[in-house]
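# Sequence and predicted structure, then a few things I'm wondering about:
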Amino acid sequence: MTMTLRILTALVLTFLSLPAQPWQKATAESVGFSTPRLEALTPFLKTLDTTSMMVISHGKVVYEYGDVKKISYLASCRKSILAMLYGNYVASGQIVLTKTLRDLKFDDVGGLLPRELEATVENLITARSGVYHPPSYLGDAQDSAPPRGSQKPGTYYLYNNWDFNAAGAAFEKMTGKDIYDALQSDLAVPLGMEDFDRSLQKKEGDAKKSIIPAYPIHLSTRDMARIGQLMLREGNWHGKQVIPRDWAKHIRVARHARVRHESAVVERVRAGQLVGLRLHVVGVGRSAPRRAVRRRVHSSGRHRTVHHRFAGAGLGGRAQDCAGGERRASSKRVGHGVPGDPDARRHRALW
């Protein structure tokens, strides 16, 4: 190894070993919450199959439950994180959302149809590719998929793991980076994640069904809270724009596009959820379908409507809720799932 290479290696290792940034704590009352009312969550959480939960307000922890250091397996919410990773590379031009599967030389077991090869990267990340090839990884709405080749790319929405897995493969093809390496360098290090372990991140899938694997992610509750806080700050972390602001805003705002199908599986996750470019970061505004999504408790005991809110949810029970007006991020993972979801058979934890 040359001296120059040794120096570069040392610099990279130093960069990737930056000290973690522990969360600061604050009293609930100092940021407008009520300690007794937050603590009233605890008995309820104990009735669930819950590992941990955090409530962050003004960048500080005001409530914790359980072991927030415990690392959990994230399946559905991997898509939110991939959406965030896309941002810098779309901005730099490395990722071109209009490229097609044909342009990127995609293939799969048994081949892809000519019409399917016309799907773009944007179609993949909005779950509208029209490709209904069996995925390598369960937990989607493939059972309700139309016949292959029947839908024009971009016109029909289906919660489809083939699309999400292919979106990960497209990211790697265009950036030349492994998703997990990008997760480490682009998010874990800049955000000062305390529990990120690159060695735990491994792709999964049945290659007999599809050669395109899934990319489940393993993170702790307190590190997932950083993801929520970053989105709440429109991609800015302590003065550094980790994700382009326009992209952060783009992926957190629900666009109610006209589509001809919405999976019953998604409806079971959360009424009104729309998986779009945000890949599970769900925008809700003044017409939010669930009253619980639009209110928070004041120390006075009154409720107040909160606007500019967004959330991320997963079929296996993960949920993240952010209210822009209150600078709050709540990160959690509860133990429930749907049949066929890999998460439903794994360790149950809150993130």
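Arrived safely, thanks for sending.
# pLDDT at the residue nearest to M174 when sequence neighbours are not counted, what is it?
Leaving aside its sequence neighbours, M174 sits nearest to I95 (CB to CB, 6 or more residues apart in numbering; 4.8 Å). Every residue, glycine included, has its C-beta placed from N, CA and C. If you check I95, the pLDDT there is 97.
# now swap in R226 and tell me
pLDDT, R226: 95.
# and it, that's in a strand?
No: going by DSSP: H, G, I helix; E, B strand; the rest coil, the assignment for R226 is helix, not a strand.
# And it, how far from V68?
12 Å (CB to CB, to the nearest Å).
# Please apply the same query to V31.
Taking CB to CB, one finds V31 at 18 Å from V68.
# When those two are compared, which one has more neighbours?
Neighbour totals were compared for V31 and V68, and V68 leads with 23 against 18 (other CB atoms under 10 Å).
# in the stretch 151-300 of the chain, which ranges drop under the pLDDT threshold?
253-300 (pLDDT under 70).
# For it, which segments count as helices?
Using DSSP state H, counting those that start in this stretch, the helices of the stretch 151-300 of the chain run over residues 161-175, 179-182, 221-232, 245-252, 264-269.
# Now the second one: buried residues?
What that stands for is helix 179-182. For helix 179-182, burial by neighbour count (16 or more other CB atoms under 10 Å) applies to I179, Y180, A182.
# one step back: now render the helices of the stretch 151-300 of the chain as TSV, adding distance to G87.
Conversion of the helices of the stretch 151-300 of the chain to TSV gives the following (distance: least, CB to CB, whole Å):
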stretch	distance to G87
helix 161-175	11
helix 179-182	11
helix 221-232	11
helix 245-252	4
helix 264-269	24
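# which stretch among the ones you listed comes nearest T47?
helix 221-232 (18.5 Å; CB to CB).
# Now for A119, how many residues are close by?
24.
# related to what we said a few turns ago, identify whichever of the helices of the stretch 151-300 of the chain lies nearest to W23.
Here helix 221-232 is closest among the helices of the stretch 151-300 of the chain (CB to CB), at 6.1 Å.
# name the helices or strands packed onto that closest one?
strand 50-57, helix 78-92, strand 236-237, helix 245-252, strand 318-323, strand 328-334 (3 or more CB pairs under 8 Å, 6 or more residues apart in numbering; DSSP states H and E).
# and those as a markdown table, adding distance to P135 and mean neighbour count?
What follows is these, written out as a markdown table (distance: least, CB to CB, whole Å; neighbours: other CB atoms under 10 Å):
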| stretch | distance to P135 | mean neighbour count |
| --- | --- | --- |
| strand 50-57 | 27 | 23 |
| helix 78-92 | 13 | 21 |
| strand 236-237 | 33 | 16 |
| helix 245-252 | 22 | 19 |
| strand 318-323 | 19 | 24 |
| strand 328-334 | 23 | 25 |
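# As TSV, those with distance to T155 would be great.
Converted to TSV, the helices and strands packed on helix 221-232 look like this (distance: least, CB to CB, whole Å):
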stretch	distance to T155
strand 50-57	39
helix 78-92	21
strand 236-237	36
helix 245-252	21
strand 318-323	29
strand 328-334	34
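# Worst mean pLDDT among these?
Minimum mean pLDDT among the helices and strands packed on helix 221-232: strand 328-334, a mean of 48.
# follow-up on the earlier one: is it possible to export the buried residues of helix 179-182 to TSV including distance to P43?
Formatted as TSV, the buried residues of helix 179-182 follow (distance: CB to CB, whole Å):
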residue	distance to P43
I179	39
Y180	38
A182	40
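# now, among the residues you listed, which is nearest to G149?
I179 (28.9 Å).
# And the strands in the chain, which stretches?
For the chain, applying DSSP state E gives strands covering 24-25, 50-57, 60-66, 71-74, 217-220, 236-237, 240-241, 281-284, 295-297, 303-305, 309-313, 318-323, 328-334.
# Just want the angle from the second one to helix 221-232.
Going back to what we said before, that points to strand 50-57. 40 degrees (axes from the mean of the first three to the mean of the last three CA atoms, to 10 degrees).
# mind listing what strand 50-57 pairs with, with the direction of each?
According to DSSP bridges, strand 50-57 forms sheet pairs with strand 60-66 (antiparallel), strand 328-334 (antiparallel).
# Ok, the first one next?
For strand 24-25, the pairing partners within the sheet under DSSP bridges are strand 60-66 (parallel).
# Verify the contact between E116 and S129 for me.
Yes: E116 lies in contact with S129 (CB atoms under 8 Å); the separation is 7.3 Å.
# Dig out what V55 forms beta bridges with.
Y63, S330.
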